[in-house]
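Novice: Let's see this in three dimensions:
(one chain, ligands or ions: 1)
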Amino acid sequence: MSDSERKPVLLSGIQPSGNLMIGNLIGALRSWAELQDRYDCLFVVVDLHAITVPQEPAELRRRCLDFLCLYLACGIDPVKSTVFVQSHVPAHSELAWLLGCHTYMGELSRMTQFKDKSKKQGENIRSGLFFYPVLMAADILLYGADLVPVGDDQRQHLEITRDIAQRFNQLYGDVFTVPEAYFPKVGARIMSLTDPTSKMSKSDENPRSYVALLDAPDVIRGKIRRAVTDSGTEVRFAPESQPAISNLLQIHAALSGESIPSLESRFTGKGYADFKEEVAEVVVRAVAPIQERYRQLRTDKAGLEAILGDGAARAERRARRILDKVKRKVGFIPRT
Ligand code: TRP
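Specialist: Residues are numbered from 1 along each chain as shown. Take a look at the predicted model:
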């Protein structure tokens with residue numbers, strides 16, 4: 001393929017912690033699936049990032065496979081895209097070290113996510129949590145990614161990745177592609193069901209704050225029914241004064257495709273209860289086919305192993321090329 005035909009490289013990843021939920025579907029997974037034809041995509045289950053905070057080994061193992069199957073169930077095609085588990089490609093850890101030796105303590109100290117997350121860790125904060133953005137930079141720079149779809153909370157990590165890449169290029173000549181962040185369309189910010197002023201999080205301690213992609217239909221109905229509502233009574237989109245109902249409107253619109261004005265007019269004069277009931281059905285309907293595909297994939301052990309092996313092999317081949325080049329540039333002796 002000539003350079004002009006080569007598709008831009010796009011890479012993204014999610015940490016296998018908590019439970020993948022509708023916010024991930026709307027804000028990430030669904031758009032990843034759509035990007036596959038236009039870009040040369042890599043989608044990673046970033047398990048090395050997950051152990052920056054304590055994890056139960058058996059649960060981490062199960063979740064990694066769950067996440068991988070859910071990526072696929074949401075439409076990511078392991079033939080079109082390179083789908084793999086981060087720890088299967090040792091080049092991520094190796095490059096992280098090399099980049100860490102070119103990253104300043106001061107830069108890492110400014111990361112707001114580190115400040116937030118370390119507050120929740122009590123006394124013993126793992127140094128990996130501090131180093132986390134360097135590992136993320138390695139994920140991105142190893143494949144020469146041009147574009148990185150991320151949420152707002154990752155803006156700073158993308159900036160530091162660019163700074164590290166530019167610094168490296170200045171010192172050693174062009175090695176890295178300087179990536180751009182790729183923010184999904186606005187309106188994709190789904191808020192917590194129990195606190196509509198904070199973002200829906202797959203790692204929230206309270207599972208009622210999110211709808212997991214693997215929640216059973218009755219669990220989904222219960223969560224939506226019990227979602228907090230505002231003091232008003234009208235189904236109206238007003239994020240400032242009615243954040244809870246506005247969030248439910250966003251969820252409905254994002255999953256049903258119906259516009260918010262159309263929903264507002266259909267529910268004029270009706271109560272919150274009717275509206276919530278419909279939102280619940282829309283969510284149940286959206287996750288049903290995902291759950292079905294997930295179950296097929298998750299029980300096909302041989303199929304899953306083949307996908308994992310193939311993804312890791314493809315990623316490894318690409319990563320090695322860049323890693324070898326970086327090692328040469330830094331001045332390491334090539335292994336013979
Ligand atoms: N830090 C990202 C998050 O929490 C996950 C991540 C790790 C990532 N490596 C990445 C995202 C590389 C994009 C590209 O959302």
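Novice: Just the strands from the stretch 1-150 of the chain, written as ranges.
Specialist: 9-14, 40-45, 82-85, 147-149 (DSSP state E, counting those that start in this stretch).
Novice: got the residues of the stretch 1-150 of the chain near the ligand?
Specialist: By Cβ under 6 Å from any ligand atom, the residues of the stretch 1-150 of the chain that approach the ligand are Leu11, Ser12, Gly13, Gln15, Val46, His49, Met136, Asp139, Ile140, Val148, Val150. Any C-beta I mention is one placed from the backbone N, CA and C, and that applies to glycine too.
Novice: Try it again at 8 Å.
Specialist: Applying Cβ under 8 Å from any ligand atom, we find that the stretch 1-150 of the chain lies next to the ligand at 11-15, 44, 46, 49, 86, 113, 132-133, 135-136, 139-140, 145, 148-150.
Novice: Sort out which of these are buried, if you could.
Specialist: For these, a burial check counting by 16 or more other Cβ atoms under 10 Å picks out 11-15, 44, 46, 49, 86, 132-133, 135-136, 139-140, 145, 148-150.
Novice: between the strands of the stretch 1-150 of the chain, which one is nearest to Ser241?
Specialist: strand 147-149 (31.2 Å; Cβ to Cβ).
Novice: Tell me the gap between the closest one and the middle of its chain.
Specialist: 11 Å (Cα atoms, centre = their mean, to the nearest Å).
Novice: Can you spell out which helices and strands pack onto that strand?
Specialist: Packing contacts for strand 147-149, counted by 3 or more Cβ pairs under 8 Å, 6 or more residues apart in numbering; DSSP states H and E, involve strand 9-14, helix 30-35, strand 180-182.
Novice: Just after the shortest one, pick out the following helix or strand.
Specialist: So the one you mean is strand 180-182. Downstream of strand 180-182, the next assigned helix or strand under DSSP states H and E is helix 217-225.
Novice: could you dump that next one to PDB, C-alpha only?
Specialist: The C-alpha coordinates for helix 217-225 follow below in PDB (Å, rounded to 0.1, in the frame of the first residue of the first chain):
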ATOM      1  CA  PRO A 217     -33.700  -6.600  31.900                       C
ATOM      2  CA  ASP A 218     -35.400  -6.400  35.300                       C
ATOM      3  CA  VAL A 219     -32.300  -5.000  36.900                       C
ATOM      4  CA  ILE A 220     -32.200  -2.300  34.200                       C
ATOM      5  CA  ARG A 221     -35.900  -1.500  34.800                       C
ATOM      6  CA  GLY A 222     -35.300  -1.200  38.500                       C
ATOM      7  CA  LYS A 223     -32.300   1.100  38.100                       C
ATOM      8  CA  ILE A 224     -34.100   3.500  35.800                       C
ATOM      9  CA  ARG A 225     -37.200   3.500  37.900                       C
END
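Novice: what sits up against that helix?
Specialist: 193, 208, 210-211, 215, 248, 273, 276-277, 279-280, 283-284, 287-288 (Cβ atoms under 8 Å, 6 or more residues apart in numbering).
Novice: 6 Å instead, please
Specialist: Arg208, Val211, Lys276, Val279, Ala280, Val283, Val284 (Cβ atoms under 6 Å, 6 or more residues apart in numbering).
Novice: Over to stretch 134-145?
Specialist: 9, 11, 42, 91-92, 95-96, 99-100, 103, 148, 157, 161, 164-165, 176-177, 179, 318-319, 322.
Novice: Out of the contacts of helix 217-225, the closest to Arg62 would be?
Specialist: Comparing these against Arg62 with Cβ to Cβ places Val211 closest, at 19.9 Å.
Novice: pLDDT score for the closest one?
Specialist: Predicted confidence (pLDDT) for Val211: 98.
Novice: Look up how far Leu99 lies from it.
Specialist: Between Val211 and Leu99 the computed distance is 37 Å (Cβ to Cβ, to the nearest Å).
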